[in-house]
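> 3D, please:
(one chain, ligands or ions: 1)
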Amino acid sequence: MRPPAQDEARSALMRRVRRRDTAPERAVASALRALGLAYRKNVRSLPGSPDFANKRRRWAVFVHGCYWHRHRGCKRATVPKHNRAFWEAKFAANRKRDAAAIRDLRRRGFKVVVVWECEAERSIKKLNALTELAFHRIQRGRRSQMNDCVRSG
Ligand SMILES: [Zn+2]
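Okay, the predicted model is just below:
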């Protein structure tokens, strides 16, 4: 089945759009650093080119976009209305490729973690809310230290 030109263009665009750290990738990177886990990024020598991996320690982390990697039950995993059959075939191929990569890695003794972008974004929001809490506490502490002489407008 040949996809119409606009779908080819869209695919090409999506391929190019990738490869700049997304917010979920940055969040995972900082979590790994916080845990003292050394990693390499986009490890092409491993199946599926994991986003983060440590070959010696044998672990790999994929940060998957819900749309392209088809997060099951996620509202982001929509299917375009046009050329549905083409997209469904393409998505099925993506899924199969992902599953094969994970299987290969596990066979090599790797622990594999998949972080879905929507999960990462939710936890970023939660963390931001917690950070804000901490910030407010600090602000209030400062304010009471200054005997409440300054009132922010
Ligand atoms: Zn999702």
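> Can you report how many residues neighbour the closest residue to Leu37 other than its chain neighbours?
Leaving aside its chain neighbours, Leu37 sits nearest to Asn54 (6.8 Å; criterion: C-beta to C-beta, 6 or more residues apart in numbering). From N, CA and C alone the C-beta is placed, and that goes for glycine too. For Asn54, the neighbour count with other C-beta atoms under 10 Å is 18.
> Is it correct that Asn54 is in contact with Lys41?
No. With contacts counted by C-beta atoms under 8 Å, Asn54 stays clear of Lys41, the gap being 11.0 Å.
> can you give me the helices in the chain?
Secondary structure of the chain by DSSP state H: the helices cover 5-17, 23-34, 84-107, 117-145.
> how much space between Trp87 and His71?
Relative to His71, Trp87 is positioned 15 Å away (C-beta to C-beta, to the nearest Å).
> And for Asn83?
For Asn83, the distance to His71 equals 21 Å [C-beta to C-beta].
> Any regions of the protein where pLDDT drops low?
1-19, 142-153 (pLDDT under 70).
> Output the set of residues of it in proximity to the ion.
Counting by C-beta under 5 Å from the ion, the residues of the chain close to the ion are Cys66, His71, Cys74, Trp116, Cys118.
> Would you quantify the distance from the last one to Gly141?
Meaning Cys118. 35 Å.
> Show me which of those two is the more surrounded one.
Legend: neighbour count by other C-beta under 10 Å for Cys118 and Gly141, higher for Cys118 (18 against 10).
> Just give the closest residue to that one, not the sequence neighbours.
Once flanking residues are discounted, Cys118 sits nearest to Cys66: 5.2 Å by C-beta to C-beta, 6+ apart.
> What's the local residue count around that neighbour?
Here the number of neighbours of Cys66 (other C-beta under 10 Å) works out to 20.
> before we move on, the earlier item: point out the most buried one among the helices of the chain.
Ranked by mean neighbour count, those are led by helix 23-34 with a mean of 16 (mean count of other C-beta atoms under 10 Å).
> That one to helix 117-145, inter-axis angle?
With axes from the mean of the first three to the mean of the last three C-alpha atoms, to 10 degrees applied, the angle from helix 23-34 to helix 117-145 works out at 70 degrees.
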